[in-house]
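1. predicted model follows, preceded by the sequence.
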Amino acid sequence: MTVAVMVNGHDINISKKLREYIEKKVGKLDHYLPEINEARVDLSAQRTARDADDRQVAQITVRSRGTILRSEERTGDMFAAVDLALEKMQRQIERYKDKHRRGRGDGADLGEAVMQAEAELDEAASDSEPAPKIVRRKRFPITPMTEPEAIEQMMLLQHDNFFIFYNADTARINILYARKDGSLGLIEPEVG
């Protein structure tokens with residue numbers, strides 16, 4: 001069985017040959033992870049990229065049982081960008097499967113990190129620069145998960161700075177973020 005693949009282009013025309021190539025290659029991802037529900041491929045041309053070898057961008061996103069895996073690659077050729085993004089996705093799937101085979105950490109000792117996150121937020125709020133303008137809004141479905149699952153998801157998505165999730169243990173929206181020393185912090189917002 002092959003995966004249903006959605007191919008979207010942003011500021012780029014997708015040729016029939018390219019679409020068929022992507023559907024054939026990405027449709028085989030279920031060989032690596034049978035639970036894949038859907039695969040989405042976003043293609044774009046970054047005309048403002050300094051290097052001509054970084055102008056063709058291919059991003060692959062797959063969903064499987066509440067887990068989202070994403071890979072992105074840039075090259076001068078769209079077929080090569082798709083191939084590289086696909087190789088990266090295959091590595092992420094292998095890493096994801098390995099982590100599930102070995103089990104997960106317990107994510108303990110986050111209390112101290114929360115206190116430091118609140119202190120960092122207080123420092124940021126004290127700066128009196130004019131407020132930046134919101135130029136983009138993003139909506140996305142979220143799946144309830146535990147803190148260790150959120151950490152794993154953050155790593156799989158390669159979100160280096162933060163990850164927003166619905167904490168299944170507390171039934172609240174939490175924000176996981178990377179600290180300068182390489183550790184993680186957890187923000188647990190409360191209505192004041």
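-> Arrived safely. Since the structure is predicted, the reported quantities are computational estimates derived from the model, not experimental observations.
2. residue ranges with poor pLDDT in the protein?
-> Residues of the chain meeting the criterion pLDDT under 70: 1, 49-50, 52, 102-130.
3. so what's the residue nearest the centre of the chain up against?
-> Nearest residue to the geometric centre of the chain (Cα atoms, centre = their mean): Leu157, 3.0 Å. By Cβ atoms under 8 Å, 6 or more residues apart in numbering, the contact list for Leu157 reads Ile68, Leu69, Arg70, Phe163. Where you see a C-beta, it was placed from the backbone N, CA and C, and this is true even at glycine.
4. which of those are buried?
-> Neighbour-count burial (16 or more other Cβ atoms under 10 Å) applied to the contacts of Leu157 gives Leu69, Arg70, Phe163.
5. show residues contacting stretch 87-105.
-> Residues contacting stretch 87-105 (Cβ under 8 Å, 6+ apart): 29, 32-33, 60, 62, 67, 69, 71-73, 148-149, 151-152, 156.
6. and if we set it to 7 Å?
-> By Cβ atoms under 7 Å, 6 or more residues apart in numbering, the residues outside stretch 87-105 that reach it are Leu29, Tyr32, Leu33, Ile60, Val62, Thr67, Leu69, Ser71, Glu73, Pro148, Glu152, Leu156.
7. so which of these wins on neighbours?
-> Counting neighbours by other Cβ atoms under 10 Å, the top entry in these is Val62, with 26 neighbours.
8. secondary structure element for it?
-> strand 56-64 (DSSP states H and E).
9. what of Asp42?
-> Counting by DSSP H and E, the element that carries Asp42 is strand 38-45.
10. quick one: buried residues of that strand?
-> Ala39, Arg40, Val41, Asp42, Leu43, Ser44.
11. and the two most separated of those residues?
-> Ala39 and Ser44 (17.0 Å; Cβ to Cβ).
12. return the distance of Gly192 relative to Gly27.
-> Distance, Gly192 to Gly27, by Cβ to Cβ, to the nearest Å: 49 Å.
13. tell me which of those two has more neighbours.
-> Between Gly192 and Gly27, Gly27 has the larger neighbour count (other Cβ under 10 Å), namely 16 against 3.
14. redo the buried residues of strand 38-45 as TSV? Include distance to Ile173.
-> Formatted as TSV, the buried residues of strand 38-45 follow (distance: Cβ to Cβ, whole Å):
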residue	distance to Ile173
Ala39	27
Arg40	24
Val41	29
Asp42	26
Leu43	32
Ser44	30
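15. out of those residues, who's nearest Phe140?
-> Of those, the one sitting nearest to Phe140 (Cβ to Cβ) turns out to be Arg40, at 12.1 Å.
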